[in-house]
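# Just the structure for this:
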Amino acid sequence: IKLTADFPKRLTSLYIALRTQHIPLRHYLHRIGKAPSSSCPHCPNVDETVPHYLLDCPHYRREHHALLLALGHNVMSLSFLLSDSSATLHLVRFINSMN
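Residues are numbered from 1 along each chain as shown. Sure, this is the predicted structure:
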């Protein structure tokens, strides 16, 4: 949590939700009975999990590419994205560009 000590409350909440995978993606929503399926809306038969959303979903190919250009191959590491302070600004831009 040291990483989020200087974050605004909204960003801290986002990071905690991503790290605990309690974020409103279909995998979690299905688990708590709020979605009929855990499948990604863009990738049939693939669960919409945090790793899929941040690293793999082809629907966000352009956003993934921008993140790759900014962070290099470290972008393929979920732990790097969610724990390295150098990734914070880029990760927030990435998520904002998808919403």
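
# pLDDT wise, what is the residue sitting nearest the centre point of the chain at?
For the chain, the residue nearest the mean C-alpha position is residue 54 (4.1 Å; CA atoms, centre = their mean). For residue 54, the model assigns a pLDDT of 93.

# ok, residue 66 to residue 21 distance?
Look at residue 66 and residue 21: by CB to CB, to the nearest Å, they are 24 Å apart. (Glycine included, C-beta is placed from N, CA and C.)

# and what of residue 67?
19 Å.

# Looking at the two, which one has more neighbours?
residue 67 (24 against 13; other CB atoms under 10 Å).

# quick one: secondary structure of the more buried one?
helix (DSSP: H, G, I helix; E, B strand; the rest coil).

# Can you give me the buried ones in stretch 12-29?
14-15, 18-19, 23, 25-29 (16 or more other CB atoms under 10 Å).

# From one end of it to the other, what's the distance?
Taking CA to CA, to the nearest Å, the first and last residues of stretch 12-29 lie 20 Å apart.

# Could you list the residues in contact with that stretch?
For stretch 12-29, the surrounding residues in contact (CB atoms under 8 Å, 6 or more residues apart in numbering) are 3-4, 7, 35, 37-41, 47-50, 53-54, 82, 92, 95.

# What of stretch 39-59?
18, 21, 23, 25-27, 38, 60, 64, 75-76, 78, 81, 91, 94.
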